[in-house]
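In: Build the 3D model from these lines:
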Amino acid sequence: MAEAEAVQLKEEGNRHFQLQDYKAATKSYSQALKLTKDKALLATLYRNRAACSLKTESYVQAASDASRAIDINSSDIKALYRRGQALEQLGKLDLAFKDVQRCATLEPRNQRFQETLRRLNASIQEKLRVQFSTDSRVQKMFEILLDANSEADKLDKAANNLIVLGREEAGAERIFQNNGVALLLQLVDTKRPELVLAAVRTLSGMCSGHQARATAILRAVRIERLCSLMAVENEEMSLAVCNLLQAVIDSLSGEDKREHRGEEEALVLDTKKDLKQITSHLLDMLVSKKVSGQGRDQALNLLNKNIPRKDLAIHDNSPTIYVVDNGLRKILKLVGQVPDLPSCLPLTDNTRMLASILINKLYDDLRCPLDLGNQLLGLKGVMEMMVALCGSEREADQLVAVETLIHASSKLSRATFIITNGVSLLKDGLCKLGSAGGTDYSLRQFAEGSTEKLAKQCRKWLCSESADTQTRRWAAEGLAYLTLDADVKDDFVQDTPALRAMFELAKASSTDKTMLYSVATTLVNCTNSYDVKEVIPELVQLAKFSKQHVPEEHPKDKKDFIDMRVKRLLKAGVISALACMVKADSTVLTDQTKELLARVFLALCDNPKDRGTVVAQGGGKALIPLALEGTDVGKVKAAHALAKIAAVSDPDIAFPGERVYEVVRPLVRLLDTQRDGIQNYEALLGLTNLSGRSDKLRQKIFKEKALPDVENYMFENHDQLRQAATECMCNMVLNKEVQERFLADGNDRLKLVVLLCGEDDVKVQNAAAGALAMLTAAHSQLCLKMTHVTTQWLEILQRLCLHDQLSVQHRGLVIAYNLLAADVELAKKLVESELLEILTVVGKQEPDEKKAAVVQTARECLIKCMDYGFIKPVS
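Out: As a prediction, the model looks like this:
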């Protein structure tokens with residue numbers, strides 16, 4: 001009975017699989033596996049479930065199920081092939097090759113197996129080539145760094161290259177496998193600041209996103225040694241070690257969500273023990289006299305970022321409880337330090353403030369969650385009670401009531417209630433109330449002009465030299481709410497002193513998380529770079545008909561006003577302020593703030609005429625870290641801004657030195673089909689510009705696997721995308737590895753380029769002809785291959801040689817010359833066609849300044865024909 005039900009469930013799973021419902025198919029196969037002991041049926045079920053896992057990209061599960069099927073029947077060809085597919089995706093190419101090789105042995109005539117073997121063999125060879133190349137580079141760098149007689153320039157270059165290599169997954173793994181940790185510790189032992197700094201930054205890159213490697217490095221280097229390095233007076237060193245510890249904590253706690261394709265997660269036991277050990281040492285640093293003020297600040301920053309819960313929905317607050325139980329006395333001792341006393345610990349201006357923030361966060365983490373408070377405020381009579389309490393004679397009552405109403409005012413319905421019933425009693429929270437209507441022009445909480453007056457007072461406080469720092473910060477935070485009103489932000493950008501005062505406040509508040517967020521929010525509002533829901537006219541009409549509220553756009557939120565505000569912000573020096581904010585410590589500059597900064601940068605780069613200003617003030621360099629770290633939306637926005645800059649700027653100026661190589665990866669990510677067409681287009685323009693600079697950049701673009709995406713866009717129906725992709729390929733074909741892809745059998749790359757030469761779009765023709773001219777000049781095999789990819793090749797070549805556009809015509813004639821020079825038989829075939837007549841007509845023209853190159857190339861073609869003896873000179 002059970003066997004019959006198992007067979008029935010297998011058939012049910014097959015039906016689900018055919019309908020592409022892989023989740024339901026997996027469920028049916030799993031149920032069937034529990035009901036049968038028949039070996040043949042078990043093998044079939046495991047094999048089928050492996051197929052489902054391949055479709056859902058669960059490659060570890062697919063390999064496991066296929067292995068179980070093979071254990072039952074070692075000649076199960078389907079299971080062998082599916083395991084090979086899964087292992088290939090997991091990066092285990094050698095094991096995948098063995099499985100497919102067994103398949104090919106069982107079915108030698110199966111073309112699919114033969115093609116897979118060829119592909120895997122090529123991938124293995126490439127992996128070995130890169131591996132050996134990387135190994136030699138790593139060895140050479142360490143030789144230079146550990147040689148006491150190395151020149152300073154070579155030393156700096158080797159250190160920087162090692163840091164860059166450590167940030168790449170493949171490079172980090174090769175350093176780790178080649179005894180790199182021990183060699184890096186030797187660099188630390190030299191006690192030369194520049195070498196110690198390079199070692200720490202390399203270790204930081206190696207720890208990022210890899211739990212097993214981070215654990216091994218932590219235990220090899222030891223937390224005590226890291227804390228002693230962070231305790232030094234050198235601010236740069238202290239910050240670098242802080243970043244290393246943050247990378248370790250992120251990897252151990254699973255906060256680093258980066259995926260490394262082709263690798264299984266390593267099993268690391270008891271990471272909580274390591275995290276607790278790090279916390280314990282950080283707490284000890286707070287009260288140690290051997291620790292500098294900078295080191296103490298970095299320890300506090302790490303505790304602030306990693307101990308309190310980021311989301312109160314997470315139930316586990318054990319790290320907070322541990323710190324309170326084991327470190328609260330130490331934190332309080334630090335807060336109670338008196339700088340004038342001889343026994344005072346080394347402090348900075350920010351130390352006690354950071355310690356106070358930590359105490360506040362620990363307190364908030366132990367309190368009841370905010371959603372409970374919101375539920376209480378929603379109860380009948382509570383809001384009325386709070387407003388009435390504002391009129392109490394007791395200051396404590398007033399304080400509690402006002403704090404409650406400030407938090408309540410973020411909700412539109414409660415803000416309206418407060419304004420109606422108690423605005424005369426409030427002395428704080430007005431900015432939140434004034435912005436409760438958001439960008440909706442029809443929702444004004446205050447009387448006409450009141451919001452502008454409130455904003456004007458905030459601007460006065462911002463500029464006032466007599467106002468204390470706290471008041472100015474409150475003013476900046478108030479503007480973050482009020483600038484949602486278009487009148488307010490328009491007035492604000494015209495007030496240059498207020499703008500510059502806010503920028504200076506942001507620069508001076510590099511340790512104040514709230515301040516940076518407030519300034520970033522204000523700039524997002526001023527540039528209208530927040531997300532706006534698309535308005536569908538039909539739905540607006542329906543809402544009006546049903547007498548529902550329809551949001552209205554403020555006249556000053558139209559594009560002309562936005563462009564004017566952008567220009568005034570640039571003139572006031574917004575880029576230098578943004579660049580300074582980006583440099584803030586990672587514990588202060590949150591991912592949300594990074595996203596806001598990326599939005600502002602994108603808005604500032606929108607007009608091509610403004611991009612030179614952005615580059616000149618350091619915007620290009622500031623954008624790179626925003627494109628590599630932060631929220632997914634923030635990274636895309638920053639990458640798009642980088643693409644806009646890279647498309648029109650000289651890369652050597654916009655991204656000087658090694659930074660230009662860091663720009664490539666964000667641009668390649670923008671080629672994803674999930675991105676907007678404009679993002680794809682501008683990323684292609686940026687990559688085209690970069691690939692035209694040097695072969696090293698072309699190699700970097702190739703290694704980032706951009707080529708398949710560029711080729712896909714060459715097939716696009718969209719004219720501009722196809723044109724940009726073809727121009728990018730025109731530059732990329734100068735790279736030898738790209739040329740080898742064109743030489744390889746079994747692909748239509750050359751055919752595509754030849755057919756694009758026959759397009760009606762002149763720009764596409766020009767780029768495709770340029771690519772074909774360089775390919776045929778580099779390899780005579782491609783000249784012969786070109787004649788077999790399509791029957792239209794000769795007609796297309798003749799059209800190019802007769803083209804009205806001189807640049808296209810010149811490239812066509814260069815292709816013709818390359819074909820003539822490649823092979824005698826091919827040359828004979830060309831001479832027998834109408835091409836000879838075309839070359840004769842062009843060659844006989846009188847060469848003027850514009851046509852000189854065209855005429856000269858045609859004559860060189862005719863000379864080549866004479867050399868072969870196909871034609872004779874006429875006297």
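
In: the helices in the stretch 551-700 of the chain, which residues?
Out: Applying DSSP state H, counting those that start in this stretch to the stretch 551-700 of the chain gives helices spanning 559-571, 574-582, 591-604, 611-616, 619-628, 632-648, 651-654, 659-669, 677-691, 695-703.

In: Redo those helices as JSON lines? Include mean pLDDT.
Out: Listed next are these as JSON lines, based on pLDDT from 0 to 100:
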{"stretch": "helix 559-571", "mean pLDDT": "90"}
{"stretch": "helix 574-582", "mean pLDDT": "88"}
{"stretch": "helix 591-604", "mean pLDDT": "91"}
{"stretch": "helix 611-616", "mean pLDDT": "88"}
{"stretch": "helix 619-628", "mean pLDDT": "88"}
{"stretch": "helix 632-648", "mean pLDDT": "91"}
{"stretch": "helix 651-654", "mean pLDDT": "86"}
{"stretch": "helix 659-669", "mean pLDDT": "90"}
{"stretch": "helix 677-691", "mean pLDDT": "91"}
{"stretch": "helix 695-703", "mean pLDDT": "91"}
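
In: out of those, nearest to residue 212?
Out: Residue 212 sits nearest to helix 619-628 of all the helices of the stretch 551-700 of the chain, at 22.7 Å, using Cβ to Cβ. For the C-beta atoms, the positions are set from N, CA and C on the backbone; glycine is no exception.

In: ok, residue 517 - contacts?
Out: For residue 517, the contacting residues are 480, 590, 592-593, 596, by Cβ atoms under 8 Å, 6 or more residues apart in numbering.

In: Quick check: which ranges of the stretch 51-200 of the chain have low pLDDT?
Out: Confidence mapping of the stretch 51-200 of the chain against pLDDT under 70 gives the ranges 128-140, 142, 145, 148, 152.

In: gap between residue 619 and residue 159?
Out: Distance, residue 619 to residue 159, using Cβ to Cβ, to the nearest Å: 27 Å.

In: More neighbours: which of the two?
Out: Using other Cβ atoms under 10 Å, the more surrounded residue of residue 619 and residue 159 is residue 619, with 26 against 20.

In: so who does the more buried one touch?
Out: 575, 578-579, 601, 604-605, 645.

In: one step back: now for the contacts of residue 517: which two are most distant?
Out: Pairwise distances across the contacts of residue 517 peak at 14.6 Å for 480 and 590 (criterion: Cβ to Cβ).

In: Which residue is the nearest non-sequential neighbour of residue 612?
Out: Leaving aside its chain neighbours, residue 612 sits nearest to residue 649 (7.3 Å; criterion: Cβ to Cβ, 6 or more residues apart in numbering).

In: Comparing residue 480 and residue 590, which shows the higher neighbour count?
Out: More neighbours surround residue 480 than the other of residue 480 and residue 590, with 23 against 19 (other Cβ under 10 Å).

In: host element of the more buried one?
Out: Per DSSP states H and E: residue 480 is located in helix 469-482.

In: And whichever helix or strand comes after that helix, what does it pack against?
Out: Per DSSP H and E, the first helix or strand lying C-terminal to helix 469-482 is helix 486-494. Here helix 486-494 touches helix 450-463, helix 469-482, helix 496-508, helix 513-527, helix 559-571, going by 3 or more Cβ pairs under 8 Å, 6 or more residues apart in numbering; DSSP states H and E.

In: Which of the contacts of residue 619 are buried? Put it as a ChimeraX command.
Out: Buried subset of the contacts of residue 619, written as a ChimeraX selection, criterion 16 or more other Cβ atoms under 10 Å:
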select :575,578,579,601,604,605,645
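
In: Take the contacts of residue 619 and write them to a markdown table, including distance to residue 176.
Out: Below are the contacts of residue 619 laid out as a markdown table (distance: Cβ to Cβ, whole Å):
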| residue | distance to residue 176 |
| --- | --- |
| 575 | 39 |
| 578 | 36 |
| 579 | 34 |
| 601 | 35 |
| 604 | 40 |
| 605 | 38 |
| 645 | 35 |
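
In: Please identify which of the contacts of residue 619 is nearest to residue 324.
Out: For those, the nearest to residue 324 is residue 578 (37.6 Å; Cβ to Cβ).

In: ok, now how distant is that closest one from residue 151?
Out: 37 Å.

In: now swap in residue 833 and tell me
Out: Applying Cβ to Cβ, the value for residue 833 to residue 151 is 60 Å.

In: More neighbours: which of those two?
Out: Using other Cβ under 10 Å, the more surrounded residue of residue 833 and residue 151 is residue 833, with 13 against 10.

In: State the three-state secondary structure for that one.
Out: Recorded secondary structure, residue 833: coil (DSSP: H, G, I helix; E, B strand; the rest coil).

In: residues making contact with stretch 143-159?
Out: 140-141, 162, 183, 186-187, 190, 194-195, 197-198.

In: Mark which of these are buried, thanks.
Out: Neighbour-count burial (16+ other Cβ under 10 Å) applied to those gives 141, 162, 183, 187, 195, 197-198.

In: Out of those, which is nearest to residue 784?
Out: The nearest one, if we look at the buried ones among the contacts of stretch 143-159 relative to residue 784 and count by Cβ to Cβ, is residue 141, at 43.1 Å.

In: Low-confidence bits of the stretch 201-350 of the chain, can you list those?
Out: Within the stretch 201-350 of the chain, the stretches with pLDDT under 70 are 255-270, 312.

In: circling back to that earlier point, could the helices of the stretch 551-700 of the chain be laid out in TSV, adding distance to residue 731?
Out: Formatted as TSV, the helices of the stretch 551-700 of the chain follow (distance: least, Cβ to Cβ, whole Å):
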stretch	distance to residue 731
helix 559-571	31
helix 574-582	29
helix 591-604	25
helix 611-616	21
helix 619-628	20
helix 632-648	13
helix 651-654	12
helix 659-669	13
helix 677-691	4
helix 695-703	7
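
In: wait, which of those helices is closest to residue 727?
Out: helix 677-691 (4.9 Å).

In: Using CSV, list the CA coordinates for that closest one.
Out: Output in CSV follows, covering the C-alpha atoms of helix 677-691 (Å, rounded to 0.1, in the frame of the first residue of the first chain):
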residue,chain,number,x,y,z
GLY,A,677,17.3,51.3,-19.0
ILE,A,678,18.9,54.7,-18.3
GLN,A,679,21.1,53.1,-15.6
ASN,A,680,22.2,50.3,-18.1
TYR,A,681,22.9,53.0,-20.8
GLU,A,682,25.0,55.3,-18.6
ALA,A,683,26.9,52.3,-17.1
LEU,A,684,27.8,51.2,-20.7
LEU,A,685,28.9,54.8,-21.5
GLY,A,686,31.1,54.8,-18.3
LEU,A,687,32.6,51.4,-19.1
THR,A,688,33.3,52.6,-22.7
ASN,A,689,35.2,55.6,-21.4
LEU,A,690,37.2,53.5,-18.9
SER,A,691,38.0,50.7,-21.4
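
In: Now do it against helix 695-703, angle only.
Out: Compare the direction of helix 677-691 with that of helix 695-703 by axes from the mean of the first three to the mean of the last three Cα atoms, to 10 degrees and you get 140 degrees.

In: which of the residues in helix 677-691 are buried?
Out: Going by neighbour count (16+ other Cβ under 10 Å), the buried part of helix 677-691 is 679-691.

In: Ok, stretch 788-801 next?
Out: 789-790, 793-794, 796-801.

In: residue boundaries of the helices in the stretch 251-400 of the chain?
Out: 271-286, 293-306, 318-335, 351-366, 370-378, 382-389, 395-408.

In: mind checking the end-to-end distance for stretch 328-348?
Out: By Cα to Cα, to the nearest Å, the extent of stretch 328-348 from end to end equals 20 Å.

In: who touches it?
Out: Applying Cβ under 8 Å, 6+ apart, the contact partners of stretch 328-348 are 283-284, 286-289, 291-294, 296-297, 351-352, 355-356, 358-359, 362.
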